[in-house]
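Asks: curious how this folds, go ahead:
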Amino acid sequence: MSTGSTQPFRPAGTAALAASTSSANVALKGGGTTVLVYNSSAATAFFQLGAASGLSASQASTPVPAGARMLVEAGPFVTYAAAILAAGTGTVYFTIGDGDTY
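Replies: Below is the predicted model of the structure:
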């Protein structure tokens, strides 16, 4: 791969997290080093990635606006995701895979 080239995102699996104003977590499905986070809720979601089953998120975690997505380089050891919403309830999707462009 040449310098400056991009690799399209290749998804390996998606985990749906039922989110609310209390932190919840989910095991990621599949493998890879990149995570696509899609916030399908009507409120800002805050998320955290890690390797522990007790992972939690807070409103100081990384925000994703309502209806938005974010592609994050997470590394090979990320196996869990956590999220919390600013208000209400909704679903946050975490798709793990490889690539740097969505």
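Asks: who's in contact with D100?
Replies: Each residue near D100 by C-beta atoms under 8 Å, 6 or more residues apart in numbering is listed here: T6, Q7, F9, T34, L71, E73. (Glycine included, C-beta is placed from N, CA and C.)
Asks: kindly recompute the last result at 10 Å.
Replies: S5, T6, Q7, P8, F9, T33, T34, L71, E73 (C-beta atoms under 10 Å, 6 or more residues apart in numbering).
Asks: among those residues, which ones are in helices?
Replies: In helices, judged by DSSP state H, none of the contacts of D100 are found.
Asks: of those residues, buried ones?
Replies: Among those, the ones that count as buried by 16 or more other C-beta atoms under 10 Å are F9, T33, T34, L71.
Asks: any chance of the residues you listed in a markdown table, plus pLDDT?
Replies: Below are the buried ones among the contacts of D100 laid out as a markdown table (pLDDT from 0 to 100):
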| residue | pLDDT |
| --- | --- |
| F9 | 96 |
| T33 | 96 |
| T34 | 97 |
| L71 | 98 |
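Asks: reformat those as JSON lines; add distance to N25.
Replies: Output for the buried ones among the contacts of D100, formatted as JSON lines (distance: C-beta to C-beta, whole Å):
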{"residue": "F9", "distance to N25": "23"}
{"residue": "T33", "distance to N25": "19"}
{"residue": "T34", "distance to N25": "19"}
{"residue": "L71", "distance to N25": "20"}
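Asks: which of the residues you listed sits closest to G50?
Replies: Checking the buried ones among the contacts of D100 against G50 by C-beta to C-beta gives T33 as the nearest, at 14.1 Å.
Asks: wait, doesn't Y38 sit right on A81?
Replies: No: assessed by C-beta atoms under 10 Å, Y38 is found out of contact with A81, at 11.5 Å.
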